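Undergrad: Build the 3D model from these lines:
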Amino acid sequence: MLFGTGLAALAVTGDADADTAQAPQAMPPQAGDLLVQATGPQAGQPIGLPLFKTPNTLIQAWAKDPTSGVVRNGSRLNRVLLVKIDTAAMDDATRKRSAEGVVAYSDFCTHAGCWIETYHADNGVILCHCHGSAFDPTHGANVTGGPARAPLASLSLKIVDSHLVAAGPFDGRLGIPQT
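TA: Residues are numbered from 1 along each chain as shown. Predicted structure coming up:
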């Protein structure tokens, strides 16, 4: 029974108009938030374009309020995945949200809530390792395969002082869609 309850809690939408009384670390990324590495030995460090030296690099990130220094890692829904891809392959909407070829999406699979950790450059898909849902990062992370029914929420980016920064909140529904 606990498992079902956990999934119901993950199914909440991460609406950009979230309760303003929410703890700062649980709030979703906000416009102006600096993106910092979520994993690895450089966790907490700002993410700049040099980290994408090789094409098709995938990096997990959290948003960090540049004023307070609060990292918004208080909710699984807030983790961001970043991938650098060829801008020529992107549709217009995706290109407008990108920063020098880097696109950002929710790192929370819309099928079962797993964190996504794989980008397959040969197929051009972001792949969830749990159940095989595939998302096209060049076209708004639309579902291209697997059991997921909804695209990943996108996050517009900009570059400030050579670092990646959120240009606004997530666009799209966060979490697992209700049936």
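Undergrad: and Thr138, which of the three is it?
TA: Classification of Thr138 using DSSP: H, G, I helix; E, B strand; the rest coil returns helix.
Undergrad: burial count for it?
TA: Applying other C-beta atoms under 10 Å, we find 20 residues neighbouring Thr138. C-beta: built from backbone N, CA, C; applies to glycine.
Undergrad: what does Pro169 give?
TA: By other C-beta under 10 Å, neighbour count at Pro169 equals 21.
Undergrad: contacting residues for Lys158?
TA: Residues near Lys158 by C-beta atoms under 8 Å, 6 or more residues apart in numbering: Ala99, Leu164, Val165, Ala167.
Undergrad: Is the first one bridged to anything, and to what?
TA: Beta-bridge pairing of Ala99 under DSSP bridges involves Val102.
Undergrad: In this structure it contacts Ile159, no?
TA: Yes - if you go by C-beta atoms under 8 Å, Ala99 and Ile159 touch, sitting 5.0 Å apart.
Undergrad: Show me where this structure dips below the pLDDT cut-off.
TA: For the chain, the stretches flagged by pLDDT under 70 are 1-21, 55, 179.
Undergrad: Which strand in this protein has the most residues?
TA: The longest strand of the chain (DSSP state E) is strand 163-171.
Undergrad: contact partners of it?
TA: The contact list for strand 163-171, computed with C-beta under 8 Å, 6+ apart, reads 14, 16, 28-35, 46-49, 61, 63, 82, 97, 99, 102, 104, 106, 153-159.
Undergrad: how about the contacts of Lys158, which pair is most distant?
TA: By the measure C-beta to C-beta, Leu164 and Ala167 form the most distant pair in the contacts of Lys158, at 9.8 Å.
Undergrad: which one of these two has more residues nearby?
TA: Leu164 (28 against 19).
Undergrad: contacting residues around the closest residue to the more buried one other than its chain neighbours?
TA: Excluding the flanking residues, the one nearest Leu164 by C-beta to C-beta, 6 or more residues apart in numbering is Leu35, at 4.5 Å. Counting by C-beta under 8 Å, 6+ apart, Leu35 touches 29, 46-47, 61-64, 80, 82, 104, 157, 163-166.
Undergrad: just the helices in this structure please.
TA: All helices of the chain, identified by DSSP state H, fall at 2-10, 92-97.
Undergrad: The last one - contacts with which helices or strands?
TA: By that I understand helix 92-97. Applying 3 or more C-beta pairs under 8 Å, 6 or more residues apart in numbering; DSSP states H and E, one finds that helix 92-97 contacts strand 102-106, strand 154-160.
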